[in-house]
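# sequence-free structure coming up:
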DNA sequence: AAATATCATCGTATATTTACGATGAACGAT
DNA sequence: ATCGTTCATCGTAAATATACGATGATATTT
């Protein structure tokens, strides 16, 4: 039943909530930072830097990919992930818009 | 078992993830917007504007209060909620910092 | 072709989230 | 004191999220 009423909100609010959901785990924030600092990164490289198993990291990558914050490119047997700047820029813009709406500062 | 590895991340990442979690539902984004537009608001007033039951809205308010994004003040039998600008400002600042770290723009 | 390396997906267990109706607590009004 | 109003909390059900090991798929290497 969870989230069954989602359709009754605006697309804008749902999109923002969805981006927020993707950011709602420290591992995923960490992954984004890692991808930025390394520019692009193999999965194994990311796994090394997190206290999580390979399969769990893979799930987190999937969630980030779902909302378009990252992209994966197959490179032989490896997969190279990188930040999707287009989505990230949009997220930044929409979050800014939200905060400027909410904030008296 | 969910989230059991959380301690192994930085406080900064955990705080950001927690704020993101509070924003990870369209109803809660809507609530923040309502509270801003009305400056402050009784619960019943918020419930009227959402396609959710009173008890569900109460839970969403609780989640927003948990991370300090809103505050409730008892006013007779009613409760008056308002935005906590201090937390909101901090959230905006930290989110900005994150995005400027991540974004090539 | 067989073995290895890399990563996604499956299966599973547990915790959390979302939602609602029902109940309870606190207050004001009668 | 009793009643209605307001809101939080409890109990419950279903969906999602988190985590892991095991397995599967794909590509490279031998």
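Sure, I can see it. Being a predicted model, the structure only gives us computed values, none of them experimental.
# I would like the residues contacting the longest helix anywhere in chain A, please.
In terms of residue count, the longest helix belonging to chain A (DSSP state H) is helix A:85-102. Residues outside helix A:85-102 that contact it (CB atoms under 8 Å, 6 or more residues apart in numbering or on different chains) are A:12, A:15-16, A:19, A:67-69, B:29, B:32-33, B:36, B:83, B:88, B:91-92, B:95-96, B:99, B:102-105. (Glycine included, C-beta is placed from N, CA and C.)
# The residue at minimal distance from the centre of chain A and residue B:80, how far apart?
Taking CA atoms, centre = their mean, the centroid of chain A lies closest to residue A:64, which sits 3.4 Å from it. Applying CB to CB, to the nearest Å, the value for residue A:64 to residue B:80 is 38 Å.
# and what of residue A:93?
Distance from residue A:93 to residue B:80, by CB to CB: 32 Å.
# These two: which is more packed in?
residue B:80 (16 against 12; other CB atoms under 10 Å in any protein chain shown).
# got a list of what that one touches?
B:40, B:41, B:42, B:72, B:73, B:74.
# can you do 6 Å?
Shown in contact with residue B:80 (CB atoms under 6 Å, 6 or more residues apart in numbering or on different chains): B:40, B:42, B:73.
# Share the number of residues neighbouring residue A:75, please.
10.
# Which residue is the nearest non-sequential neighbour of it?
residue A:42 (7.8 Å; CB to CB, 6 or more residues apart in numbering or on different chains).
# again with residue A:81
residue A:72 (4.9 Å).
# I figured the one you found was touching residue A:82, is that so?
No - judged on CB atoms under 6 Å, residue A:72 makes no contact with residue A:82 at a distance of 8.1 Å.
# From residue A:73, how far out is residue A:40?
8 Å.
# next one: residue A:44
Distance, residue A:44 to residue A:73, by CB to CB: 15 Å.
# any weak-confidence spans in chain A?
A:1-7, A:104-105 (pLDDT under 70).
# Which parts of it are strands?
A:41-42, A:70-75, A:78-83 (DSSP state E).
# Using neighbour counts, pick out the buried residues of the last one.
The neighbour-count check on strand A:78-83 (16 or more other CB atoms under 10 Å in any protein chain shown) flags A:80, A:81, A:83 as buried.
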